[in-house]
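Undergrad: quick one: sequence and predicted model below, then my questions.
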Amino acid sequence: MTQISHLTVLAVDDEKPALDELAFLLRAQAGVGEIHTAGDSTTALRLLRSQKIDAIFLDINMPGLDGLELAGIISDFAEPPAVVFVTAHDDRAVAAFELGAVDYLLKPLREERLAESVRRIVAARTKPTAQAAPPPDDVIPVEHGGVTRMVQRRCVSWVEAEGDYARLHTDTGSHLVRIPLSALEARWSDAGFLRVHRSYLVALAAVTGIRTSGNGTMVALRANGKSPAVELPVSRRHTRALKDRLIRGPLQSRSTR
């Protein structure tokens, strides 16, 4: 397999002390090679168009073109770099991940969180020669009591629609996020998640069985550490797709999702 062992990165922040600190911390990362810096989005775009950049670590609140707007432009590149937001504001996480951000780091920046982001980027760019690389784990920011937490996709057993919101069900509880179920369906379809009902998206690796009765089809899942398994309804139009996906190959354990 081929792997980018040393990333070429671009750090962008309009505050020079913050930019210098970010560059310093990036230099300490084993997976980072060449580092470019920019104090505004215009300079960043010029560098992105003249250099091969693997990842951009980007502030959000900047004069002129802000970080979210710059990320929107980058997403249209033929080969866009991985985007990691580094910001003091935790209220833009949903918008950041909707733009395809790899990670969302809060200031003051912690070295171990930065290292995790670098590892995630390197893993995403590791490609087996004989088959496509599995998608890297995704994270969803959730807010509770003024605290933002990151929920990993591999911890989610199923997702439930609640209007324009979605509730993520994990081993440790449930989390309401401001993302439509349809958006998560598109985002996670290649990672083993399947829509089984207008209100439910399930992780195939959590499925323990299917039961059909006079009341319709139900899918059983391991969830929240509870026994017996949770059962969710499967709509008639999704039943065939669910069975086909389960029959197509053995279920993976949740640890490999």
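TA: Everything's here; your move.
Undergrad: got a list of what the closest residue to residue 148 other than its chain neighbours touches?
TA: Distances taken as Cβ to Cβ, 6 or more residues apart in numbering place residue 90 nearest to residue 148, at 4.3 Å, with adjacent residues excluded. For glycine as for every other residue, the C-beta is placed from the backbone atoms N, C-alpha and C. Residue 90 makes contact with 106, 141, 143, 148, according to Cβ atoms under 8 Å, 6 or more residues apart in numbering.
Undergrad: got the end-to-end distance for stretch 52-59?
TA: 20 Å (Cα to Cα, to the nearest Å).
Undergrad: for that stretch, give the mean pLDDT please.
TA: For stretch 52-59, the mean pLDDT works out to 96.
Undergrad: quick revisit: export the contacts of residue 90 to TSV and append columns for neighbour count, secondary structure and distance to residue 96.
TA: Listed next are these as TSV, based on neighbours: other Cβ atoms under 10 Å; DSSP: H, G, I helix; E, B strand; the rest coil; distance: Cβ to Cβ, whole Å:
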residue	neighbour count	secondary structure	distance to residue 96
106	16	strand	11
141	22	strand	8
143	16	strand	13
148	13	strand	11
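Undergrad: closest to residue 217 among those residues?
TA: Nearest to residue 217 among the contacts of residue 90: residue 141, at 33.6 Å, using Cβ to Cβ.
Undergrad: per-residue pLDDT, that closest one?
TA: 84.
Undergrad: cool, the one 3 residues further on as well?
TA: Per-residue confidence (pLDDT) for residue 144: 73.
Undergrad: the domain parsing of the protein - what is it?
TA: Annotated domains of the chain cover 7-124, 139-256 [automatic domain parsing].
Undergrad: which of the contacts of residue 90 lies closest to residue 9?
TA: residue 106 (18.8 Å).
Undergrad: just checking, the closest one touches residue 147?
TA: No - look at residue 106 against residue 147 with Cβ atoms under 8 Å: they stay out of range, at 10.8 Å.
Undergrad: check contacts around residue 52.
TA: Taking Cβ under 8 Å, 6+ apart, one finds residue 8 in contact with residue 52.
Undergrad: now swap in residue 10 and tell me
TA: With contact taken as Cβ under 8 Å, 6+ apart, residue 10 is in contact with 35-38, 44, 47-48, 51, 53, 55-57, 81.
Undergrad: assign a three-state SS to the residue nearest to residue 148, would you?
TA: coil (DSSP: H, G, I helix; E, B strand; the rest coil).
Undergrad: next: residue 83.
TA: At residue 83 the chain is in strand, as set by three-state DSSP.
Undergrad: and the contacts of residue 90, which two are furthest apart?
TA: Longest span within the contacts of residue 90, Cβ to Cβ: 106 and 143, 12.3 Å.
Undergrad: now residue 28. Nearest residue, chain neighbours left out?
TA: Residue 28's closest residue in space is residue 111 (Cβ to Cβ, 6+ apart), at 7.0 Å.
Undergrad: can you give me the helices in the stretch 1-150 of the chain?
TA: According to DSSP state H, counting those that start in this stretch, the stretch 1-150 of the chain carries its helices in the segments 16-27, 41-50, 67-74, 93-98, 111-124.
Undergrad: among these, which is nearest residue 186?
TA: helix 93-98 (11.3 Å).
Undergrad: for the helix or strand of the chain with the lowest mean pLDDT, packing partners?
TA: Ranked by mean pLDDT, DSSP states H and E, the weakest helix or strand in the chain is helix 93-98, scoring a mean of 76. For helix 93-98, the packing partners by 3 or more Cβ pairs under 8 Å, 6 or more residues apart in numbering; DSSP states H and E come out as helix 67-74, strand 103-106, strand 139-144.
Undergrad: could I get the ones you listed in CSV, plus columns for distance to residue 193?
TA: Shown next, in CSV, are these (distance: least, Cβ to Cβ, whole Å):
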stretch, distance to residue 193
helix 67-74, 24
strand 103-106, 20
strand 139-144, 12
